[in-house]
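Enquirer: Quick one: sequence and predicted model below, then my questions.
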Amino acid sequence: IGDKTPDTYATELFNTWGIGNKGENKGVLIFLTLKERRIVIRTGYGIERILTDRLCGQILDQRVIPYFAKGDYGTGLGNAVVAVAQIIAKDAGVTLTGP
């Protein structure tokens, strides 16, 4: 990420890639940088009301970082994706199925 902070880089990446449908701004980026040992969840404006900064912090603190501390990055990232998907699905009135 060069001389940028993980937060700045994630925000720039989110904006550059144009994550989420134009006009709705409901995109989500889960960004991990191993060297800096940071994970960041970036949300579009259209989804901030359900995926607040506080809730994203709770997801990371409770469902991700404990696994990262053990070196289990796959489980931590998987937990982040599942938690975010469940919150979005609940708000949309959708039921997720699968493993």
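Expert: The structure has been received and is ready for your questions.

Enquirer: What does the pLDDT read for Asn86?
Expert: Quick fix: residue 86 is Gln, not Asn. Listed pLDDT for Gln86 reads 93.

Enquirer: how near is Gly18 to Gln58?
Expert: According to Cβ to Cβ, to the nearest Å, Gly18 and Gln58 sit 27 Å apart. Where C-beta positions appear, they are placed from N, C-alpha and C, glycine not excepted.

Enquirer: so where do the strands sit in the chain?
Expert: Per DSSP state E, the chain carries strands over the ranges 28-33, 38-43.

Enquirer: The first one - contacts with which helices or strands?
Expert: Secondary-structure packing of strand 28-33 (3 or more Cβ pairs under 8 Å, 6 or more residues apart in numbering; DSSP states H and E): helix 6-17, strand 38-43, helix 73-92.

Enquirer: looking at these, which is buried most?
Expert: strand 38-43 (a mean of 20; mean count of other Cβ atoms under 10 Å).

Enquirer: Hmm, Val84 and Leu96 touching each other?
Expert: No - with contact defined as Cβ atoms under 8 Å, Leu96 does not count as touching Val84 (11.2 Å).

Enquirer: and the nearest residue to Thr95 once chain neighbours are set aside, how far is that from Val82?
Expert: What sits nearest to Thr95 in space, not counting adjacent residues and going by Cβ to Cβ, 6 or more residues apart in numbering, is Ala89, at 6.9 Å. In this structure, Ala89 and Val82 are 10 Å apart, going by Cβ to Cβ.
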